[in-house]
Structure formats: structure tokens, C-alpha cells
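Peer 1: Build the 3D model from these lines:
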Amino acid sequence: MEKGKGMIRYIRKKCDFCGTCVAVCPHDAIELAENDLLILERCTVCKKCVYVCPLQALEVDDE
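Peer 2: Now for the predicted structure:
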């Protein structure tokens, strides 16, 4: 499995922890924890979560 470029990060002030990103992640790499969103190392940066987030709270950080 080829890893995409960069990493996914979320913008806390935009996120309402709806779980849409968790549901769409094909690698179970996103977890919700008490008012926090955890993006695990197994994330392949497929960007599915970025595309489905209704609040645009996820983005790709290329650094």
C-alpha cells in the first residue's frame, strides 16, 4: 500500500466531532476521543476524510 504525500490534520475550532471521517476511513486510522480527533500512523493520506468532512475541518499538511 503506497502512502500518500504529507499527513492529515484537523482544525479543532472547525470540527464538531460528527464522526463522518471515522466512518469513511478505509484503514480505521481515525478515532474520536473525548473532544479530540486522533489520526493514527496507519493513515495512508488517501484524503477520503478530507473530501467528506461537512465542515472542512480536515486538511493535508504537506510539511
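Peer 1: Test my guess that Ile8 contacts Cys53.
Peer 2: No. Checked against C-beta atoms under 8 Å, the pair Ile8 and Cys53 is beyond contact range at 10.1 Å. (Each C-beta comes from the backbone N, C-alpha and C, glycine too.)
Peer 1: Who has more neighbours out of those two?
Peer 2: Ile8 (23 against 19; other C-beta atoms under 10 Å).
Peer 1: So what pairs up with that one in the strands?
Peer 2: Beta bridges link Ile8 to Val60 when assigned by DSSP bridges.
Peer 1: quick one, what contacts it?
Peer 2: For Ile8, the contacting residues are 39, 43, 45, 47, 49-50, 58-61, by C-beta atoms under 8 Å, 6 or more residues apart in numbering.
Peer 1: Going through these, which ones are buried?
Peer 2: Buried members of those, scored by 16 or more other C-beta atoms under 10 Å, are 39, 43, 45, 49-50, 58-59.
Peer 1: Report the buried residues of stretch 21-41.
Peer 2: 21-22, 25, 29-30, 37, 39.
Peer 1: Which members of the buried ones among the contacts of Ile8 are the farthest-apart pair?
Peer 2: With distances taken as C-beta to C-beta, the most widely separated pair in those is Cys43 and Glu59, at 13.1 Å.
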